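Asks: Quick one, what's the 3D model for this:
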Amino acid sequence: MKKLKKKLPLFLVALGLFFFGLYQYLKNYVDPGLFDKDYQYTRVYNYKAEKIKPKKAKVKEINLEFIYYKKSEVPQGLTWSEETRSDLSLFNGGDVILHAVLEDGSKIRIPLEKTSRMGPTFSRNLLYDKKLEKEMLRRFPNVITEKNSGFKIAFLAGMMYVGDTLYQVPEIEAVTHFDLKNPKTAKLQTYYEYGNLPEKTNTPVFLKTKKDVSQVDMQSFYDDYHNSWKGYWDRGADPISKKLSNTYQYKFYYYTWYYSDSLSNLPININPTGSEFKLTVTRTQLIKPDQNDRVKVRTTKMIYTEKNKEEYEKEVLNELRNFYDASERAREKMFRK
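Replies: Here you go, the predicted model:
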């Protein structure tokens, strides 16, 4: 009996350590949601964080798209065809978009309005690169630079050649990529998050969301991976908070979760390594929305090469200011109604 009494404290200590270890195991490795009344946790697979290695790629095809409001003045004598678009809205009038096919066959879509710290966008360095501007202007001797002040991004992008190199100009240090399992398909989907380099963790990482989030809302998040033309999920515009369980309070992360490691995820700049001028100009006029959040448009295309390069300078590069001014007048008419 005395021996039993002596061993009892040790047994209780061992039992306490066992349950404490079990608690830590369940909390850190199985499901932290078992001990969190506010949040639910979904397992993250293949988590990896690393410093960014800037990418670059040569351009194989270039398409410059001009978006017109319904009441915008459009060039005359063109042949138009109608189609329905899911990547535009009635408020996209006045936009200029660069569509490019890269040497590996991947495609990028970059609005040419302003710069940003995250893509798809051109780097702010582009605005102050006098050497690049001088090299690009040598390609187009008939361009009137005074007409393009204030539209430098569209101006320089419009002077690209096939074979030019687009390269990333990161303004942050790290990228984290991880997989989530789509409950409907049971397949893993890879996401890319940019920000500070997170601290190393020896425990599994989880996707953390409020417990009152419905499965329907979560499934719409997973389904967007295959349905979105944007190629990313904007957590900043998402009413349902989603973050990784190892997101620390004093670490900075952007709200965008990209669906691939595309070149256009980060700001890019141009290296004029190309020698062939071949570019398609698409003019798209917005007509009306349909009931499926799409927009009916009419569109026309023109291919420019060395043979009609002077026409391109006159009809496109030297008309940038007129395009933006006409779009602003059309926008004012639309909002006055």
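Asks: quick one: low-confidence ranges for the protein?
Replies: For the chain, the stretches with pLDDT under 70 are 1-31, 33-35, 147-149, 247-253, 336-337.
Asks: beta partners for the spatially closest residue to residue 132 that is not a sequence neighbour?
Replies: In space, and not counting its chain neighbours, residue 132 is closest to residue 270: 6.3 Å by C-beta to C-beta, 6 or more residues apart in numbering. The way it works is simple: take the backbone N, C-alpha and C, and place the C-beta from them, glycine included. Here residue 270 sits in beta bridges with residue 166, as judged by DSSP bridges.
Asks: For residue 270, the count of nearby residues, please.
Replies: 23 (other C-beta atoms under 10 Å).
Asks: just use 33 as the starting number from now, easier for me
Replies: OK, 33 is where the count begins now, so the last one is residue 302.
Asks: can you pull the contacts of it?
Replies: For residue 302, the contacting residues are 158, 164, 168, 188, 189, 192, 196, 197, 198, by C-beta atoms under 8 Å, 6 or more residues apart in numbering.
Asks: Show me those that map onto helices.
Replies: Secondary structure assignment by DSSP state H places 164, 168, 188, 189 of the contacts of residue 302 in helices.
Asks: burial measure for residue 358, as a count.
Replies: 19.
Asks: before we move on, which element is it in?
Replies: In this structure, residue 358 sits in helix 352-368 according to DSSP states H and E.
Asks: residues in contact with that helix?
Replies: So helix 352-368 is contacted by 98, 100-105, 125-126, 128, 179-180, 182-183, 186-187, 190 (C-beta under 8 Å, 6+ apart).
Asks: rerun that using 10 Å as the cut-off
Replies: 98-107, 122-123, 125-128, 175-176, 178-184, 186-187, 190, 315, 318, 348, 351 (C-beta atoms under 10 Å, 6 or more residues apart in numbering).
Asks: What residues sit buried inside that helix?
Replies: 352, 353, 355, 356, 358, 359, 362, 363, 366 (16 or more other C-beta atoms under 10 Å).
Asks: Out of those, which comes closest to residue 240?
Replies: residue 363 (41.1 Å; C-beta to C-beta).
Asks: how close does that closest one get to residue 143?
Replies: 16 Å (C-beta to C-beta, to the nearest Å).
Asks: Neighbours of residue 230, how many?
Replies: There are 18 residues near residue 230, going by other C-beta under 10 Å.
Asks: quick one on the thing from earlier: adding distance to residue 221, write the buried residues of helix 352-368 out as a markdown table.
Replies: Listed next are the buried residues of helix 352-368 as a markdown table, based on distance: C-beta to C-beta, whole Å:
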| residue | distance to residue 221 |
| --- | --- |
| 352 | 40 |
| 353 | 44 |
| 355 | 39 |
| 356 | 39 |
| 358 | 42 |
| 359 | 37 |
| 362 | 40 |
| 363 | 38 |
| 366 | 38 |
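Asks: Contact partners for residue 102?
Replies: Residue 102 neighbours (C-beta under 10 Å, 6+ apart): 122, 125, 317, 318, 319, 320, 329, 330, 362, 365, 366.
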